[in-house]
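> pasting the sequence and the predicted model now:
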Amino acid sequence: MIIFYQILFVFSKFGLNYVYLKKHIPFLLICTMFFSASVFSQAEFNKATINTLDVGTYASISHKVGFYNDHKKTEVDSFWKHQQFSFADNYLKTIKSRLNLVEHYSYLKIWVSNEKKIADTLIFYAGSILKSVEIFEIDSSKTALKSIALNNNPIDFIQLIFNATSSKEILVKLKFAKCGANELSPHFIRKNNVEFFKKNLYNKKSNINTFSLVLSGLLVMMILFTATNYILSKKKEFLYYCLYTITVFGIVFFNAALYKHSEYFSVLFWEYLDFCFLLIGSIFYIEFGRRFLNTKKNYSRADKLFRVEQLFLLLIFIIFSFIYFWGNSVKLEVLIENIVKALLLGFGVFIIVLALTQKERLIKYLAIGNGLSILFWIVSLTLILKNVPVSSIYNSAFVYYEVGLVTALIAFLFGLTYKNRQEIIETTKREEALKLEATKQKYETEIAVYKAQQEERNRISADMHDDLGAGMTSIRLYSELAKNKLADKDLTELNKISSSADELLGKMNAIIWSMVSSNDTLENMIAYLRSYAIEYFEDTAIKCTIHLPEQIPEATVSGFIRRNVFLVVKEALNNILKHANATEVTLTLQAEGKIVKVFIQDNGKGIDLNNLRQFSNGLKNMKKRMDDVDFDFKIENNNGTLITLVREIKD
C-alpha cells in the first residue's frame, strides 16, 4: 500500500487529478500489485543478506546465496553483472545431473554484513569435492572484481575477514570434481568450530565408511593369502588374483578414506584413479580368468575374445588418461566409463552363460562370483536411479557396489582354493605313481638279481652234487675196495681216507642243501634237522627223541640262516656225543606264528659254565653264528645241558 500511495503521488506530480485517479483506481491497483510483486521478488533476492551475528557454531547459507552455472562458458568479468542468479536452494531442488556441477564453472553470489564494531572472521565452506575455488569481492560501485582468495589449503575451507560495521558482496567461482559424491553445500563456520564441523561432515556416513574399512581389512587378508600362495607355488593365477584384489582394495579403501575431502589426491582419485583402478583391475581379472580356466587349452575361442578385451581396456586406459590430463571433456570421460562398465557387465554375463553350457566345475565359481556381483550392482543402480537418500548401509548404493566386488572375490578365492587343492591332489597322485613305479622297478631289479643268484646257487649246488659228490663217493668206494683186498694188513691210512671222504661228503651235502633255493622254507629246515639228528645218533648208545609241531607255518628261511642253524645244531649234537656222558637227547622244534624255537636237551653231566676251556671256542662259534642270523642263543644247566635258539622268521 505504501508503494501504491507513492505511485499516486508520482502521478499527481505529472498533473493527474484526484478524480481521474479515483475513476481508474481498480486498474491502478492491479498494476500496482503486479509491479509491487515484481519489485518485491527482485528485492527479496537482492536483500538476502547474511549477518555475521547470525552465524553461531556454523550455519547453512544456501537459502540466501545466489547460484549460477556457467553453461555458456563466459568470462567472469563480463557475465556476473548481467546473468540472472537464482537461489542455491532452488537449484539444488531441481538439479537432475551432477554433471551440471562438474562440466562448467559454478558461481555463488553472497551478501554479507558485519554490524559489529570490530572485524569478524568466518570460514567459508562451499561444498565437496572441489578442484578449485576463487573468491572475488565486488566493489561498492558494482563495476569491478577483486580477487581475495584462490585455492587455499585446504581448498574447501577458506578464511574471510569482514571489517567492522561494513557490508560486502562476494562472488565465488567454483569447479567441482567429477565425482558422484560432490555436493554444493555453502556454509559459514566460526573459526574455532571448523574441526567440529569437519567431524560432523565426515561422520555423516560413519557406518558406511566403517563397513568399507572392514571390507578393506578382508581384502588385505585375501591379498596376503594369495601373495603367499604365489610365492610358495609360483602359480600365475594367484599373482593375477592378488593384483586384482589390490585394485579392488584401492577402490573400496580410498572411497571410504577420502569421503568428502577436497585435497589434491582426493580429487585425483575421484576423477582419475578410481576409474583407472577399475580398468587395470579388469585387465588383471580377465588374465586371472584365463589362467584359472586355462582358456588357451580348454576354451580357445573365448581365450581370443578375452585377449582382445584386455587390449581394448588397455587402449581405453591410454585414451582416458590423455583426455583427463590434456583434454577437457567431462561428457566424453563419462561416456568412456559407461562403455567400460557395460563391457564388464557383458563379460560377467558371458561367463555365466559359458558356465551354464559347460560341466567344468571351475567355471561355475567364476559364474557364481559374477552372478553375485551383478545382483548387487543392480541393487546399487536401482538406489541411484530412485535417488534414495543415504541414511545407513542398507540404502547406500556404494555399499552394495562394494559388496558385489567383495562377494565376487570370495567366490573366486573359493574356486582358486579348490583348483589348487585339486592340482595338489593330482600332483601327489603323479608323484606317488612315479614313486610306485620306481619302487616296482627296484623290486623287479632285486627280484631279477635274486633269481639270478638263486639260479647260480642251484647251478653250483648241482655241479657240486654231480662232480664233487661223485668224486668223493668214488674215493670212499675205492678206499673200501682197497681195504677188502688188503684185509690182512694194517690199513690205518685207508681207514682215514675212507672216514675223511665220508665226513667230507656229509659236509658237502649240507652245503648243497643250504644252497638249493627250493629248500628255503621253514618246513624244509625242520625236516632236515630232524633227519640229521636221527642219523647222527643212529649207531650210538644215545637215544635221540624228536618233538615236532603239529602244523608248520609257511615261512621263507634263507639258505644263510638254514646253514648257520644247522651248523649250531650239529655242533651241539657233537658236544653231547663227545663230552656230555648222556644216554638220552631230546630235540624239540616249535613254530608259533613266525617264531621258531629250537631246544636241545640232554641228560648228561651238564656244562660247567665256570670252566669252558675244553670247548670254549665251539661255544663262541655257536654264539657268533646265532648273532649273525639274529637268533637268541642261550645255554644252561637243567638236568643236563639245555641249549635254546629263538628267532622271528622275517625273510
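Ah, there it is. Residues are numbered from 1 along each chain as shown.
> show me the strands in the stretch 51-200 of the chain, by range?
Along the stretch 51-200 of the chain, the stretches classed as strands by DSSP state E, counting those that start in this stretch are 58-60, 66-69, 86-87, 106-114, 120-128, 130-138, 145-150, 158-162, 166-176, 183-190.
> just put these in a markdown table and tack on distance to Glu592 and mean pLDDT.
Just so you know, the C-beta spots here come from the backbone N, C-alpha and C atoms, and that holds for glycine as well. Putting these into a markdown table (distance: least, C-beta to C-beta, whole Å; pLDDT from 0 to 100) gives the following:
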| stretch | distance to Glu592 | mean pLDDT |
| --- | --- | --- |
| strand 58-60 | 100 | 91 |
| strand 66-69 | 105 | 83 |
| strand 86-87 | 110 | 76 |
| strand 106-114 | 104 | 89 |
| strand 120-128 | 92 | 90 |
| strand 130-138 | 96 | 86 |
| strand 145-150 | 106 | 74 |
| strand 158-162 | 103 | 89 |
| strand 166-176 | 97 | 87 |
| strand 183-190 | 94 | 89 |
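> between these, which one is closest to Asn209.
Across these, Asn209 has its closest neighbour in strand 120-128 (14.2 Å, C-beta to C-beta).
> still on that earlier bit, nearest to Ala342, of the strands of the stretch 51-200 of the chain?
Smallest distance to Ala342 across these (C-beta to C-beta): 25.3 Å, for strand 166-176.
> where in the stretch 501-650 of the chain is pLDDT low?
Applying pLDDT under 70 to the stretch 501-650 of the chain picks out residues 501-512, 514-517, 612-616, 650.
> switch the cut-off to 80
Applying pLDDT under 80 to the stretch 501-650 of the chain flags the ranges 501-520, 593-594, 608-618, 649-650.
> by contact count, what packs against the longest helix belonging to the chain?
Scanning the chain for the helix with the most residues, using DSSP state H, yields helix 397-463. Counting contacts by 3 or more C-beta pairs under 8 Å, 6 or more residues apart in numbering; DSSP states H and E, helix 397-463 is packed against helix 206-233, helix 236-257, helix 274-293, helix 361-385, helix 492-515.
> one step back: want to throw the strands of the stretch 51-200 of the chain into JSON lines with distance to Gly348 and mean neighbour count?
Formatted as JSON lines, the strands of the stretch 51-200 of the chain follow (distance: least, C-beta to C-beta, whole Å; neighbours: other C-beta atoms under 10 Å):
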{"stretch": "strand 58-60", "distance to Gly348": "42", "mean neighbour count": "16"}
{"stretch": "strand 66-69", "distance to Gly348": "37", "mean neighbour count": "20"}
{"stretch": "strand 86-87", "distance to Gly348": "43", "mean neighbour count": "15"}
{"stretch": "strand 106-114", "distance to Gly348": "37", "mean neighbour count": "21"}
{"stretch": "strand 120-128", "distance to Gly348": "32", "mean neighbour count": "22"}
{"stretch": "strand 130-138", "distance to Gly348": "33", "mean neighbour count": "20"}
{"stretch": "strand 145-150", "distance to Gly348": "46", "mean neighbour count": "14"}
{"stretch": "strand 158-162", "distance to Gly348": "45", "mean neighbour count": "17"}
{"stretch": "strand 166-176", "distance to Gly348": "32", "mean neighbour count": "19"}
{"stretch": "strand 183-190", "distance to Gly348": "31", "mean neighbour count": "20"}
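> Gln551 in helix, strand or coil?
Put simply, Gln551 is coil when judged by DSSP: H, G, I helix; E, B strand; the rest coil.
> count of residues packed around Tyr578?
For the record, residue 578 is Lys, not Tyr. 10 (other C-beta atoms under 10 Å).
> from Thr545, how far out is it?
Distance of Lys578 to Thr545, computed by C-beta to C-beta, to the nearest Å: 20 Å.
> before we move on, the earlier item: distance to Ser380 added to the strands of the stretch 51-200 of the chain, as a markdown table?
A markdown table is the format used below for the strands of the stretch 51-200 of the chain (distance: least, C-beta to C-beta, whole Å):
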| stretch | distance to Ser380 |
| --- | --- |
| strand 58-60 | 29 |
| strand 66-69 | 28 |
| strand 86-87 | 32 |
| strand 106-114 | 27 |
| strand 120-128 | 21 |
| strand 130-138 | 25 |
| strand 145-150 | 37 |
| strand 158-162 | 34 |
| strand 166-176 | 22 |
| strand 183-190 | 19 |
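> among the ones you listed, which comes closest to Thr586?
Of the strands of the stretch 51-200 of the chain, nearest to Thr586 by C-beta to C-beta is strand 120-128, at 109.8 Å.
> now the strand or helix carrying Val568 against helix 397-463, angle please.
Following DSSP states H and E, one finds Val568 within helix 559-575. Angle of helix 559-575 versus helix 397-463, following axes from the mean of the first three to the mean of the last three C-alpha atoms, to 10 degrees, is 50 degrees.
> check which element follows helix 559-575 along the chain.
Downstream of helix 559-575 (by DSSP H and E), the next one is strand 584-592.
> that next one: which residues count as buried?
Residues of strand 584-592 classed as buried: Val585, Thr586, Leu587, Leu589, Ala591 (neighbour count, 16 or more other C-beta atoms under 10 Å).
> same deal with stretch 305-325?
Phe306, Glu309, Gln310, Leu313, Ile316, Phe317, Phe320, Tyr324.
> just send those back as a markdown table, with distance to Glu648, pLDDT and secondary structure too.
Converted to a markdown table, these look like this (distance: C-beta to C-beta, whole Å; pLDDT from 0 to 100; DSSP: H, G, I helix; E, B strand; the rest coil):
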| residue | distance to Glu648 | pLDDT | secondary structure |
| --- | --- | --- | --- |
| Phe306 | 66 | 89 | helix |
| Glu309 | 71 | 90 | helix |
| Gln310 | 69 | 92 | helix |
| Leu313 | 73 | 93 | helix |
| Ile316 | 78 | 93 | helix |
| Phe317 | 76 | 93 | helix |
| Phe320 | 81 | 92 | helix |
| Tyr324 | 84 | 88 | helix |
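> tell me which element the nearest residue to Phe537 once chain neighbours are set aside is part of?
Excluding the flanking residues, the one nearest Phe537 by C-beta to C-beta, 6 or more residues apart in numbering is Cys544, at 4.0 Å. Here Cys544 sits within strand 543-547, counting by DSSP H and E.
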